[in-house]
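Peer 1: Just to be clear, the model below is a prediction. Sequence and coordinates:
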Amino acid sequence: MSIRKIVLATTAAAFLAPAAFAATTAAPATPAAQCESLAKEYETAAAANATNPNAAKAKKAADEAAKLCKEGKPADGVKKYEHALKELGVKAK
């Protein structure tokens, strides 16, 4: 391999490394995206904690969250999903 190719490859790697790092770090999710993510997270947690004494409270909160998300109030929906998960004893991711 020639010196020219080594220098070119090293230079390319140096310039592309920040872009590769940025692609792997999570960007802050929008409230709408959080609604979808938390809905899935709630479904998993509800199935795993079906015998939890607070399961009914959590279901009610999750139903309200889904309604808020559909009505265009995703920030409020996110809070309700987080409350639903808390009722199940699960911390939102």
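Peer 2: Done, it's in.
Peer 1: Quick one: low-confidence residue ranges for this protein.
Peer 2: 1, 3-28 (pLDDT under 70).
Peer 1: What ranges does it have for its strands?
Peer 2: Here the chain has no strands by DSSP state E.
Peer 1: Would you quantify the distance from the most centrally placed residue in it to T51?
Peer 2: What sits nearest the mean C-alpha location of the chain, by CA atoms, centre = their mean, is S37, with 4.8 Å. Distance check for S37 against T51: by CB to CB, to the nearest Å, it reads 25 Å. C-beta here means a position set from N, CA and C on the backbone, and glycine is covered the same way.
Peer 1: swap in K60?
Peer 2: For K60, the distance to T51 - CB to CB - is 17 Å.
Peer 1: Which one's more surrounded, the two?
Peer 2: For K60 and T51, the more surrounded residue by other CB atoms under 10 Å is K60, and the numbers stand at 14 against 6.
Peer 1: Would you mind measuring from the residue nearest to the centre of the chain to P53?
Peer 2: 26 Å.
Peer 1: before we move on, the earlier item: if you skip the residues just before and after it, what's nearest to the residue nearest to the centre of the chain?
Peer 2: Leaving out its chain neighbours, the residue that sits closest to S37 by CB to CB, 6 or more residues apart in numbering is A29, at 6.7 Å.
Peer 1: Now for that neighbour, how many residues are close by?
Peer 2: Quick note: A29 (other CB under 10 Å) scores 13 neighbours.
Peer 1: doesn't S37 make contact with P74?
Peer 2: No. Between P74 and S37 there is no contact, the gap being 11.0 Å when judged by CB atoms under 8 Å.
Peer 1: Let me know whether the residue nearest to the centre of the chain touches E43 as I believe.
Peer 2: No. Look at S37 against E43 with CB under 8 Å: they stay out of range, at 11.1 Å.
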